[in-house]
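Participant: need a 3D model of the sequence below.
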Amino acid sequence: MKVSKLAANLIGSEIVKIGNEVNDLKAKGAEIANLTIGDLNSNIYPIPAKLKEEIQKAYQNNLTNYPPANGLLSLRTEVSKDLKTRWNLDYSANDILITAGSRPLIYAVYKTIVDEGDKVIYPIPSWNNNHYAYLTSADAIEVKTTPENNFLPTAADLKPHLSGAVLLALCSPLNPTGTMFTKDQLSDICELIIEENKKRGADEKPLYLMYDQIYSNLTFDAKHYDPVSLFPEMKDYTIYIDGISKCLAATGVRVGWGFGPAHIIDKMKALLTHVGAWAPKPEQEATAKYYQDSEDVNSFVNEFKGKLEESLKVLHKGIQDLKGKGLAVESIEPMGALYLTIKLDYIGKTKPDGSVIENSSDLGFYLINEAGVALVPFSAFGEEKSEPWFRASVGGLATDEISTMMPKLEKALNNLK
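Facilitator: Reported below is the predicted structural model:
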């Protein structure tokens, strides 16, 4: 039976495919250290107790009808205050759009700015930009990054592609790597965007920057930087993606927010009224109430990110110990988020059954079956399957589980010849 061309050619998520394999094996009794999904085990990392109480109160108070299309004013007001206090960013409640997590916002940015055939630039690896570019029929320009630059694009990488582009999509801390822009790196990119926009006429679209900072509160020793704080003139061109999904361990609560130029935010709001992508009203009400207690918010975030950092350090040390034993592995020291970037240089090796590891997907499924370790290859983030890099998310495991899995990983890798 025929479907639309868009649906027929849509590629499903490789992360979901791997997750399904893991779930099937676990249902059969297998013990799998699941480092795939960018989610959190809510028994290890529950949401803030006060937020949970406020959600329950909101349901008890029957706040279950439609929220305003752009989000509750009380929540947008609290977000505005938090942006000023936390990042010294001046955005009014009317500049803010609340949605069910960050995905509808990213989709709305693409649909609001990008026409069919418009040039969109994004680095690889990066999360889902290839799919959003496909959904908007964009001319996708994928800029390959390197481990030497922590898999972040440099101004030199981007400069040849900016002419005529309408959207540049960046994320820091980056999913899938957990690495972050330095002040100089981001400043150089912002200067290029400002320079490019000065060349454009009044009848041309500007080059907009979508800046995904959903992990901005989950940083360790490195400092988070954002475009408008570095260059106030970037305010006309920058749309931010943010929310509570990651910083409050609230992935399933579904409260995200975007903010930026009013003419873009207003069109995003209008688009999403037809999609119905608003966050549930009780969760919005509860988040607004919770953010009034900034001390509790900051206390929770600091404790939470401390636990994530500890887990990432345990995993990073484990990989470095394997490297010290002569295994062909590497990892990049984590800077933020809940991800570790791992290199497993075993593509082309032969498995015990005589078959060859053809690509990163083969290696991933081998490790699931032989080591009980599930990782996501960078091919899920736009890289070629020949690349031996993987994302490991620590949100689903306790630190002792990470330590327990390392000998199993070592044995499985040593069995490849």
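Participant: now do the helices in this structure.
Facilitator: 5-9, 14-27, 49-60, 73-87, 103-113, 129-135, 155-158, 183-198, 227-230, 262-273, 281-291, 294-324, 360-371, 399-414 (DSSP state H).
Participant: how about those in CSV, adding mean neighbour count, mean pLDDT and distance to Cys171?
Facilitator: Where C-beta positions appear, they are placed from N, C-alpha and C, glycine not excepted. Putting the helices of the chain into CSV (neighbours: other CB atoms under 10 Å; pLDDT from 0 to 100; distance: least, CB to CB, whole Å) gives the following:
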stretch, mean neighbour count, mean pLDDT, distance to Cys171
helix 5-9, 9, 92, 25
helix 14-27, 15, 84, 16
helix 49-60, 16, 98, 25
helix 73-87, 18, 98, 16
helix 103-113, 23, 98, 10
helix 129-135, 20, 97, 9
helix 155-158, 17, 98, 14
helix 183-198, 17, 98, 12
helix 227-230, 20, 98, 12
helix 262-273, 17, 97, 18
helix 281-291, 23, 98, 22
helix 294-324, 17, 98, 17
helix 360-371, 21, 95, 21
helix 399-414, 17, 97, 25
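Participant: distance to Leu97 for those - can I get that in a markdown table?
Facilitator: Formatted as a markdown table, the helices of the chain follow (distance: least, CB to CB, whole Å):
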| stretch | distance to Leu97 |
| --- | --- |
| helix 5-9 | 25 |
| helix 14-27 | 26 |
| helix 49-60 | 20 |
| helix 73-87 | 8 |
| helix 103-113 | 7 |
| helix 129-135 | 17 |
| helix 155-158 | 27 |
| helix 183-198 | 22 |
| helix 227-230 | 17 |
| helix 262-273 | 5 |
| helix 281-291 | 12 |
| helix 294-324 | 21 |
| helix 360-371 | 36 |
| helix 399-414 | 37 |
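Participant: and of those, who's closest to Ala169?
Facilitator: Evaluated with CB to CB, the helices of the chain place helix 129-135 nearest to Ala169, the distance being 5.0 Å.
Participant: so how far is that closest one from its chain's centroid?
Facilitator: Taking CA atoms, centre = their mean, to the nearest Å, the mean C-alpha location of helix 129-135 is offset from the chain mean by 15 Å.
Participant: then stretch 399-407?
Facilitator: Its chain's average C-alpha position is 25 Å from that of stretch 399-407, according to CA atoms, centre = their mean.
Participant: and the most centrally placed residue in the chain, how far from Val79?
Facilitator: The centroid of the chain falls nearest to Asn175 when counting by CA atoms, centre = their mean (4.0 Å). Between Asn175 and Val79 the computed distance is 21 Å (CB to CB, to the nearest Å).
Participant: quick one: contacts for Met406?
Facilitator: With contact taken as CB atoms under 8 Å, 6 or more residues apart in numbering, Met406 is in contact with 318, 321-322.
Participant: the same query, at a cut-off of 10 Å, please.
Facilitator: With contacts defined as CB atoms under 10 Å, 6 or more residues apart in numbering, the neighbours of Met406 are 33, 314-315, 317-319, 321-322, 371, 373.
Participant: need the max-distance pair from those.
Facilitator: Pairwise distances across these (CB to CB) peak at 17.9 Å, for the pair Lys317 and Ala371.
Participant: check contacts around the nearest residue to Leu10 once chain neighbours are set aside.
Facilitator: Distance criterion CB to CB, 6 or more residues apart in numbering; nearest residue to Leu10, sequence neighbours excluded, is Tyr134 at 7.1 Å. Applying CB under 10 Å, 6+ apart to Tyr134 gives the contacts 6, 9-11, 110, 140.
Participant: now those residues in JSON lines, with distance to Gln292?
Facilitator: Compiled in JSON lines, those are given as follows (distance: CB to CB, whole Å):
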{"residue": "Leu6", "distance to Gln292": "43"}
{"residue": "Asn9", "distance to Gln292": "47"}
{"residue": "Leu10", "distance to Gln292": "42"}
{"residue": "Ile11", "distance to Gln292": "43"}
{"residue": "Tyr110", "distance to Gln292": "33"}
{"residue": "Ala140", "distance to Gln292": "42"}
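Participant: and which of those is nearest to Ser245?
Facilitator: Nearest to Ser245 among the contacts of Tyr134 is Tyr110, at 19.0 Å by CB to CB.
Participant: ok, Glu285 to Pro68 distance?
Facilitator: If you go by CB to CB, the gap between Glu285 and Pro68 works out to 12 Å.
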